[in-house]
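1. Okay, sequence plus prediction incoming.
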Number of protein chains: 4
Amino acid sequence: MAEPDEHPASKRRQIIHGAEIVFTECGYEGASMSRIALRAAVSKGTLYNYFTSKSELFAAFVEQACASLIQVFEPVCEQEELAVTLNRIGQRMAALILSPDSLVLFRIVVSEAGKFPHLAQIFWQTGPQTALAYMSDWLGQEMQAGRLQPSDPTFAAEQFFALCQTRFGMKRRLLLVTETSQEEIDLVVGGAVRLFLNSYAAAAPVGLPRS
Amino acid sequence: MAEPDEHPASKRRQIIHGAEIVFTECGYEGASMSRIALRAAVSKGTLYNYFTSKSELFAAFVEQACASLIQVFEPVCEQEELAVTLNRIGQRMAALILSPDSLVLFRIVVSEAGKFPHLAQIFWQTGPQTALAYMSDWLGQEMQAGRLQPSDPTFAAEQFFALCQTRFGMKRRLLLVTETSQEEIDLVVGGAVRLFLNSYAAAAPVGLPRS
Amino acid sequence: MAEPDEHPASKRRQIIHGAEIVFTECGYEGASMSRIALRAAVSKGTLYNYFTSKSELFAAFVEQACASLIQVFEPVCEQEELAVTLNRIGQRMAALILSPDSLVLFRIVVSEAGKFPHLAQIFWQTGPQTALAYMSDWLGQEMQAGRLQPSDPTFAAEQFFALCQTRFGMKRRLLLVTETSQEEIDLVVGGAVRLFLNSYAAAAPVGLPRS
Amino acid sequence: MAEPDEHPASKRRQIIHGAEIVFTECGYEGASMSRIALRAAVSKGTLYNYFTSKSELFAAFVEQACASLIQVFEPVCEQEELAVTLNRIGQRMAALILSPDSLVLFRIVVSEAGKFPHLAQIFWQTGPQTALAYMSDWLGQEMQAGRLQPSDPTFAAEQFFALCQTRFGMKRRLLLVTETSQEEIDLVVGGAVRLFLNSYAAAAPVGLPRS
DNA sequence: GATGAATGAGGGTTCATTCAT
DNA sequence: AATGAATGAACCCTCATTCAT
């Protein structure tokens, strides 16, 4: 199961961890292999024994970071009221958008999307697309069960996720806000659920709060 | 009328234009003053006669690019059916999101938001915030006129803009799509208007299309 | 008397004055023509209308500075007791060595003596050599008058001047002392006069102070 | 015996040697790291593996040069006639002043004393001050032994050293003389010893030579 | 397999000098 | 005669990469 004739995986992880720290702090161009070597506590030469170039190390870091983000969505959605499940999914999505880790990853992937289109694709696939597929599946089931009006479940999921980014999505990416209160998150997610169910629920529309 | 005692503005523009090309292509760190000088067709020394440093030139480029984006939203919204106006606004917002100029600006501002928080702020203010204020005002009027349910108009505007980014917002920022068909835009904007009016319109909800 | 077909001398002086400020502060290499132009309140182009190069402007500055230093020695030596005259000459020499103007000139000429041997020569001739010739003449007269023992008057003058630099000569040039008290100057000059007269006076030797 | 975990000292010396050549020839500002690298036969990058900056390399060069000068004064002064010992010390001092190595060091330290006061201090301490302390001690002993009149031994030493610079001290620093004949050195040192002993010796004054 | 000294191209920036106005 | 915008070489320094140990 191990890779006996390869570089030990532990040192590889160690290097990627150092790379994560530095890339995260300085971006791709701003990071130097010397600093990464320092933070990974290996020599500069060793870096090149494990990765043929800076760009390859960067790719490895991004891929690993993407992989570690996806888990967030694993355990979702039991049998309960629709609004409650949607709320939980929305809260989770909001948490993901607001989390420093995903934020920094998003920002660095966007920065280098021109130079590393492959990484942008990986980010998309392991992140948003996976979440989308998951929710789309679930919505499809609910539609078939008659609890949601029949419609394109993928588009519905996309709209819901778009709504979950109301207010803080862009500001967060621009680093214009550092913290977001739970009240505000509740407001945004609640609003997303309301708009979503008012259009997609099989039942009667939900009333708006008076401002 | 001319500016006899100043650096000629035309050359300043020429330099900023060269900077735009290179910054746009390589990002801030990846761009070199040599390349900018080459693209601007001036000597490297001349760059420093107009801008004291690379960062200042970058700031000038971003500010100018922000200023040239804002006009998009100026003339909007007459007296007509709500859905029509919303559709026009949504189309305009979608066009903005999809335009290469705003896209490239967004990407570079996000990249350097850590190093140049001031520029992120400028981008936010001249772009999203202005559009938001504008639409919020209009929605407030419609609410007072009884054509929309009374609610927080700013939040409603934020939700509408979030909905307008459905499907292609993030993919575009990751450079995963280069062109978007008008049909798809119509689908997204139409979907945004539908969800919006279903919740906010004073009248009865609009039906969903069958997928 | 003026130079009607030449550059006006006043602007020339103005430029040299600016050069003096900057060269004095930054040294030859450290000074930039831009700064000199700024300090002289003329354009950079004008600098080159009056001086063909930075080095020529530097030469002009050094020559002018040398010329303005020499005057220090003009009015010396009346008819009075030998020790009194020597003391006055010594005091003047000490003042010259300690004066900021001559110090800065010496330091800059020493710095650039390799590159501008001509300037070192000018400094020597207008400064030390002139003082030397002057004192040597006077000593020669005193020897002929029988008030000093017959000897090489130039060498005697050189020794006296060397003695006047006791203690603070080198430290001052190394910028290790910024101020010197009058007591210390008196001590050094007094010591110089004593040693000088003990050897050169026709009369009996002067006693040393007990430490 | 070797230094396995350090930069090899030999290459360090090699670099300092190259720096010595270039700094000596061009001064601090005039020297370029490229030229130093060329003269040291290493790449420019290597310079920065050993010294973090140009100024640090300069400091290392000056300190090393100071250290190598100090030895001149080590073995002095046995039991013999005063005039003979003084003559030997004077000759040594003259040799030091006239030596190209100390000359070039003095000139560069004076040049940069404003920018590197620490180096001026080091130069002073390892050079003149050490010599002074040494001679002052010896003079103090001779005074106590009754062979010199009691007086301030430090001041006496300072006067003697000042006298030893008669005639060629300043001219040499200005690079106005490149070689000095032994006759002239003998004349200057002999004159210094004579003036010194005429004032400080316990015995009768020594006669002056007729010019 | 791990090291880190060595490299040299390229980074941002300064500056003496020129020349059209 | 005076200007100052333009130049481009040279500045100090960084860094991805290599290779002898």
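-> Looks like it came in fine.
2. And the residue of chain A that's closest to chain D?
-> Residue nearest to chain D within chain A (CB to the nearest CB): A:Ser34, separated by 11.2 Å. Just so you know, the C-beta spots here come from the backbone N, C-alpha and C atoms, and that holds for glycine as well.
3. Excluding residues flanking it in the chain, which one is nearest that residue?
-> Leaving aside its chain neighbours, A:Ser34 sits nearest to A:Lys44 (6.2 Å; criterion: CB to CB, 6 or more residues apart in numbering or on different chains).
4. ok, how many other residues are close to that neighbour?
-> 13 (other CB atoms under 10 Å in any protein chain shown).
5. Contacts only, for it.
-> Taking CB atoms under 8 Å, 6 or more residues apart in numbering or on different chains, we find A:Lys44 in contact with A:33-34, A:37.
6. Break chain A into its domains for me.
-> With domains defined by automatic domain parsing, chain A comprises A:9-52, A:71-200.
7. Now do the longest one: distance to the chain's middle.
-> To tie it back to what came earlier, the one meant is domain A:71-200. From the chain centre to the centre of domain A:71-200 is a distance of 9 Å (CA atoms, centre = their mean, to the nearest Å).
8. Run through chain A and note the low-pLDDT ranges.
-> Along chain A, segments meeting pLDDT under 70 span A:1-7, A:70-79, A:203-211.
9. Could you point out the longest helix of it?
-> Looking only at chain A and at elements set by DSSP state H, the helix with the highest residue count is helix A:9-30.
10. Which strands and helices lie in contact with the very next helix or strand once past it?
-> Counting by DSSP states H and E, the next helix or strand C-terminal to helix A:9-30 is helix A:33-40. Applying 3 or more CB pairs under 8 Å, 6 or more residues apart in numbering or on different chains; DSSP states H and E, one finds that helix A:33-40 contacts helix A:9-30, helix A:44-50, helix A:54-70.
11. got JSON lines for the ones you listed, with distance to B:Pro117 too?
-> Formatted as JSON lines, these follow (distance: least, CB to CB, whole Å):
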{"stretch": "helix A:9-30", "distance to B:Pro117": "15"}
{"stretch": "helix A:44-50", "distance to B:Pro117": "32"}
{"stretch": "helix A:54-70", "distance to B:Pro117": "24"}
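12. tell me the centre residue of chain A?
-> Nearest to the geometric centre of chain A sits A:Gly127, at 4.7 Å (CA atoms, centre = their mean).
13. contact partners of the helix or strand harbouring A:Leu187?
-> According to DSSP H and E, A:Leu187 maps onto helix A:182-200. By CB under 8 Å, 6+ apart, the residues outside helix A:182-200 that reach it are A:82-83, A:86-87, A:90-91, A:94-95, A:98, A:148-149, A:151, A:156, A:159-160, A:163-164, A:166-168, A:205-206, A:208, B:155, B:159, B:163, B:194-196, B:198-199, B:205, B:208.
14. And for stretch A:81-89?
-> So stretch A:81-89 is contacted by A:76-78, A:135, A:142, A:147-148, A:160, A:189-190, A:192-193, A:196-197, A:201 (CB under 8 Å, 6+ apart).
15. Kindly write the ChimeraX command that selects the buried subset of these.
-> Of those, the buried ones can be selected in ChimeraX as follows, counting by 16 or more other CB atoms under 10 Å in any protein chain shown:
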select /A:77,135,142,148,160,189,190,192,193,196,197,201
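16. What count of nearby residues applies to the closest residue to A:Val109 other than its chain neighbours?
-> Once flanking residues are discounted, A:Val109 sits nearest to A:Phe123: 4.6 Å by CB to CB, 6+ apart. Counted by other CB under 10 Å, the residues lying close to A:Phe123 total 27.
17. Quick check: A:Phe123 touching A:Gln64?
-> No. The pair formed by A:Phe123 and A:Gln64 falls short of the contact definition of CB atoms under 8 Å, at 11.8 Å.
18. that older thread, so which strand or helix has the residue nearest to A:Val109?
-> Using DSSP H and E, A:Phe123 falls within helix A:117-124.
19. Contacts for that helix next, please.
-> Applying CB under 8 Å, 6+ apart, the contact partners of helix A:117-124 are A:58-59, A:62-63, A:66, A:105-106, A:109-110, A:112-113, B:170-171, B:174-176.
20. where's the residue nearest to A:Ser34 relative to C:Ala31, distance?
-> 41 Å (CB to CB, to the nearest Å).
21. Skip the chain neighbours and tell me the closest residue to A:Ala67.
-> A:Thr126 (6.2 Å).
22. repeat for A:Gln91
-> Spatially, and ignoring its direct neighbours in sequence, A:Gln91 is nearest to A:Val189 (5.5 Å; CB to CB, 6+ apart).
23. Over to A:Gln159?
-> In space, and not counting its chain neighbours, A:Gln159 is closest to B:Thr166: 5.1 Å by CB to CB, 6+ apart.
24. Any idea how many residues pack against the one residue in chain A that gets nearest to DNA strand E?
-> Using CB to the nearest atom of the strand, the closest approach of chain A to DNA strand E is made by A:Gly45 at 1.9 Å. For A:Gly45, the count of nearby residues is 8 (other CB under 10 Å).
25. Repeat that for A:Val84.
-> For A:Val84, the neighbour count with other CB under 10 Å is 12.
26. again with A:Met170
-> Here the number of neighbours of A:Met170 (other CB under 10 Å) works out to 22.
27. Buried only: go through the contacts of helix A:117-124 for me.
-> Those of the contacts of helix A:117-124 that meet the buried threshold are A:58-59, A:62-63, A:66, A:105-106, A:109-110, A:112-113, B:170, B:174-176, by 16+ other CB under 10 Å.
28. Out of those, which comes closest to chain C?
-> Lowest distance from chain C to the buried ones among the contacts of helix A:117-124 (CB to the nearest CB) belongs to A:Glu112, with 39.5 Å.
29. Hmm, A:Tyr28 and that closest one touching each other?
-> Yes. Shown here, A:Glu112 and A:Tyr28 form a contact pair, counting by CB under 8 Å, at 5.1 Å.
30. hey, what's in contact with both of these two?
-> Contacts common to A:Glu112 and A:Tyr28, judged by CB under 8 Å, 6+ apart, are A:Phe58.
31. so A:Val110 makes contact with B:Ile108?
-> No. With contact defined as CB under 8 Å, A:Val110 does not count as touching B:Ile108 (9.4 Å).
32. What helix or strand is A:Ala133 located in?
-> Assigned by DSSP H and E, A:Ala133 belongs to helix A:130-144.
33. which helices and strands sit right next to the following helix or strand past that helix?
-> Sequence-wise, the next helix or strand downstream of helix A:130-144 (DSSP H and E) is helix A:153-164. Judged by 3+ CB pairs under 8 Å, 6+ apart, the packing partners of helix A:153-164 are helix A:82-98, helix A:130-144, helix A:182-200, helix B:153-164, helix B:182-200.
34. Apply 6 Å and report the result again.
-> Helices and strands touching helix A:153-164, by 3 or more CB pairs under 6 Å, 6 or more residues apart in numbering or on different chains; DSSP states H and E, are helix A:82-98, helix A:130-144, helix A:182-200, helix B:153-164.
35. out of those, deepest packed?
-> helix B:153-164 (a mean of 24; mean count of other CB atoms under 10 Å in any protein chain shown).
36. separation between A:Tyr134 and B:Gln91?
-> Distance, A:Tyr134 to B:Gln91, by CB to CB: 31 Å.
37. For the helix holding A:Phe123, which residues meet the burial criterion?
-> Buried positions in helix A:117-124, judged by neighbour count with 16+ other CB under 10 Å: A:119-124.
38. between the contacts of stretch A:81-89, which is nearest A:Lys54?
-> A:Lys54 lies nearest to A:Met135 out of the contacts of stretch A:81-89, by CB to CB, at 36.6 Å.
39. how about the closest one, what does it touch?
-> A:Ala157 (CB atoms under 6 Å, 6 or more residues apart in numbering or on different chains).
40. And for the residue lying closest to A:Ala60 once chain neighbours are set aside, the neighbour number?
-> In this structure, A:Ala60 finds its nearest non-sequential neighbour in A:Ile16, 5.6 Å apart by CB to CB, 6+ apart. Residues near A:Ile16, counting by other CB under 10 Å, number 22.
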